[in-house]
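Chemist: got a structure for you, letters missing:
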């Protein structure tokens, strides 16, 4: 799981693909349209891919997902055009949808067969931390790779990483055999109905999905951390260092996931206060205040792993990936809401106050998670 998570994000194209699009003549509006295509693809395929993961071998899907993404990178690298970029984002969105619910479902069920589900939060948190580490490493390598071989070298390296990811996907253990799966013929509707019934009839599952979706606010706001860093008044050259500080906070939080789950509500309140205070101070010209934002992102990452475990504890195996994917749909909805809210709010104020407003929902989430679980 650690290797899979690392390879998923160790993509040299990540920090430069917008430049690739611009170099090939795309306007800002066209580039934005590509992001919309990517988001809509993930939204549309999230639940169907989760149902599929409950019908067929999850290990096979974890191998196919990186291959879809890698095919998209290959199109960008060797046949660059608007429509190649668009198809690449469709493939990337499809690969991400195949992974999202499938990986958690497979890992949790295998841990359950070994009597080790208590380890799930730590595994999920550390996997997320390694994904963040991979992004940081890929960003650091992008410059040297571009210097040596340009965009083609960056694209080729990214494709090779997805091939390694597919190999790791095939290495996952999967105890669930054909007799444990309903099969594709006639099973799709049955599994979807089972998943919907678990959500409809299980208040704990519904609450877990809503709370987990709501905690994705920080993940969406992560896209705007460079703007917050720039608002501190530092030189452009120092902005990446401040962004790296916040990323490191998330990485540390993920690494310590699984410990102290009883402190979930206080941790969320602390994170909200740190994010609001740090963002407002940073926008007032205090770059050191981003340390508080880094602490907040670390606590958010730690809490996300705990909430993912809560969701898995309430789901039955028959539709585990399906229900997990429903939480993924909620995450996409929250992210789109945050993007729209930030765009509207930016007309009136700067990044600092907007980050403070984004911290407010976590106070409500803290109240929700304090309720005793059945």
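Modeler: Nice, thanks for sending it over. Everything numeric in this text was worked out from a predicted model, so none of it was measured. Residues are numbered from 1 along each chain as shown.

Chemist: doesn't residue 281 make contact with residue 289?
Modeler: Yes. Here residue 289 reaches residue 281: they are 3.5 Å apart, a contact under CB atoms under 8 Å. C-beta coordinates here come from the backbone N, C-alpha and C atoms, glycine included.

Chemist: Show me whatever sits in contact with both of those two.
Modeler: Here residue 289 and residue 281 have no joint contacts, going by CB atoms under 8 Å, 6 or more residues apart in numbering.

Chemist: What count of nearby residues applies to residue 272?
Modeler: For residue 272, the neighbour count with other CB atoms under 10 Å is 24.

Chemist: Residue 226 versus that one, what's the distance?
Modeler: Separation of residue 272 from residue 226 (CB to CB, to the nearest Å): 22 Å.

Chemist: what does residue 313 give?
Modeler: Counting by CB to CB, the gap from residue 313 to residue 226 is 37 Å.

Chemist: any low-confidence regions in the chain?
Modeler: Scanning the chain for pLDDT under 70 picks out 28, 177-186, 237, 260-261, 371-374.

Chemist: Which segments of it make up each domain?
Modeler: Domain assignment of the chain by automatic domain parsing yields the ranges 1-177, 187-374.

Chemist: how distant is stretch 345-355 from the center of its chain?
Modeler: Centroid separation between stretch 345-355 and its chain, computed with CA atoms, centre = their mean, to the nearest Å, is 24 Å.

Chemist: Can you point out the buried residues in that stretch?
Modeler: 350-352, 354-355 (16 or more other CB atoms under 10 Å).

Chemist: start to end distance for that stretch?
Modeler: For stretch 345-355, the first and last residues are 11 Å from each other (CA to CA, to the nearest Å).

Chemist: Now flag whichever of the buried residues of stretch 345-355 is closest to residue 23.
Modeler: Nearest to residue 23 among these: residue 351, at 28.1 Å, using CB to CB.

Chemist: The most centrally placed residue in the chain: what's it in contact with?
Modeler: In the chain, the C-alpha nearest the mean C-alpha coordinate belongs to residue 219, at 7.2 Å (CA atoms, centre = their mean). Applying CB under 8 Å, 6+ apart, we find residue 219 in contact with 300, 331, 335.

Chemist: Please report how far it lies from residue 119.
Modeler: For residue 219, the distance to residue 119 equals 23 Å [CB to CB].

Chemist: again with residue 34
Modeler: Residue 34 is 39 Å from residue 119, by CB to CB.

Chemist: With residue 88 instead?
Modeler: Between residue 88 and residue 119 the computed distance is 36 Å (CB to CB).

Chemist: thinking again about what came up before, sort out for me which of the buried residues of stretch 345-355 are in helices.
Modeler: The helices, defined by DSSP state H, take in 351-352, 354-355 from the buried residues of stretch 345-355.

Chemist: Which one of those residues is nearest to residue 7?
Modeler: Closest to residue 7, out of all of these and judged by CB to CB, is residue 355, at 31.0 Å.

Chemist: Name the nearest residue to that closest one, ignoring sequence neighbours.
Modeler: Nearest residue to residue 355, sequence neighbours excluded (CB to CB, 6 or more residues apart in numbering): residue 279, at 3.4 Å.

Chemist: Point me to the helix or strand that includes the one you found.
Modeler: In the assignment (DSSP states H and E), residue 279 maps to helix 264-283.
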